[in-house]
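Undergrad: Provided below are the primary sequence and the corresponding predicted coordinates.
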Amino acid sequence: MEMAQSHSDNLEPLARELEERSPQEILAWALDTYSPRITLACSFGGPSGMVLLDMVMQAAPATPVFYLDTGFLFPETHQLIAEAERKYGISPQAVQPQLSVAQQATKYGEALWERDPDRCCDLRKVIPQHQALQSFDAWITGLRRDQASTRKATPVIAWDHKFGLVKIAPLARWDERAVWRYIYEHDVPYNKLHDQGYPSIGCTNCTRPVVAGEDLRAGRWSGFTKTECGLHTNS
């Protein structure tokens, strides 16, 4: 705990210093500081991850990229992964849970996400990511402050107490308009479900389209008070 607190204290002045920098400048600093022990987490579901993928590939194309293959990804998400592989010449690592979908159903019962979505996310996302990040000193995420009320205080760099490494959010200050402007201007591939009313895309069982006026993440875990999968919470 003392070590984590020390890391956190050391990064706060740096976060203030980097606050006004562009995402590309923040990425350049992060890649220079932490390579080769830095990785990009790209869900291939949200537009922010694709913007960061494009920026990272321009700056340091050898940077490892991973995604969480929960076993419940949309076909459109798999199609985007294949498209990104062709465009950037990469092979993102598919990080999978220890339990297959069938094994989880046997152990915890059918449709765990309908009864205990927190447990399902923990099994299929949080635990696998913890294992995936063990060999790195820093990870890059597409978190933005405008995405949800739970993300309004997102720093551009901070110590990740949950996973025990540095967490970098170069797009923290950007909004949805800026993200899509970059996508269109740089011809970045994106998940085609965005054209069908899905601003935030996760697993098939827990994602729905949103309607006008709803929060960007209102379509996630609809019917529950849950708004985060657990990757970006300290508990």
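TA: Good, I have the coordinates.
Undergrad: Does F72 touch T207 like I think?
TA: No - using Cβ atoms under 8 Å, F72 is not in contact with T207, being 9.1 Å away. C-beta: built from backbone N, CA, C; applies to glycine.
Undergrad: List the buried residues for the helix or strand where A158 lies?
TA: Using DSSP states H and E, A158 sits in strand 157-160. Within strand 157-160, the residues that count as buried by 16 or more other Cβ atoms under 10 Å are I157, A158, W159, D160.
Undergrad: sorry, back to before: between F72 and T207, which one's more packed in?
TA: The neighbour comparison of F72 against T207 (other Cβ atoms under 10 Å) goes to T207, with 20 against 16.
Undergrad: From P117, how far off is the more buried one?
TA: As judged by Cβ to Cβ, to the nearest Å, T207 and P117 stand 12 Å apart.
Undergrad: Y198 too?
TA: Plainly put, Y198 is 18 Å away from P117 if you go by Cβ to Cβ.
Undergrad: ok, now N191?
TA: The gap separating N191 from P117 is 21 Å, by Cβ to Cβ.
Undergrad: more crowded one of the two?
TA: Under the criterion of other Cβ under 10 Å, the comparison of N191 against P117 puts N191 first, with 23 against 20.
Undergrad: Wait, the more buried one touches E83, no?
TA: No - applying Cβ under 8 Å, one finds N191 not in contact with E83, separated by 9.7 Å.
Undergrad: OK, contacts around P199?
TA: Neighbouring residues of P199 by Cβ atoms under 8 Å, 6 or more residues apart in numbering: E176, V210, L216, R217, G219.
Undergrad: typo on my end, Y34
TA: F136, D137, A138, V166.
Undergrad: Most neighbours among those residues, which one?
TA: V166 (23 neighbours).
Undergrad: do you know how far the closest residue to V65 other than its chain neighbours is from S48?
TA: Once flanking residues are discounted, V65 sits nearest to P92: 4.3 Å by Cβ to Cβ, 6 or more residues apart in numbering. Distance, P92 to S48, by Cβ to Cβ: 16 Å.
Undergrad: What are the boundaries of the strands in this structure?
TA: Per DSSP state E, the chain carries strands over the ranges 38-41, 65-68, 93-95, 138-140, 157-160, 165-168.
Undergrad: Could you dump the ones you listed into JSON lines and include distance to L123?
TA: Output for the strands of the chain, formatted as JSON lines (distance: least, Cβ to Cβ, whole Å):
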{"stretch": "strand 38-41", "distance to L123": "18"}
{"stretch": "strand 65-68", "distance to L123": "11"}
{"stretch": "strand 93-95", "distance to L123": "13"}
{"stretch": "strand 138-140", "distance to L123": "20"}
{"stretch": "strand 157-160", "distance to L123": "20"}
{"stretch": "strand 165-168", "distance to L123": "21"}
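Undergrad: so where's this protein uncertain?
TA: When residues are selected by pLDDT under 70, those of the chain lie in 1-9, 148, 217, 221, 225-230, 232-235.
Undergrad: in it, what residue sits furthest out from the centroid?
TA: T106 (28.7 Å; Cα atoms, centre = their mean).
Undergrad: quick one: that one and L112, what's the gap?
TA: From T106 to L112 the distance is 11 Å (Cβ to Cβ).
Undergrad: again with V188
TA: 34 Å.
Undergrad: what do you get for L40?
TA: From L40 to L112 the distance is 29 Å (Cβ to Cβ).
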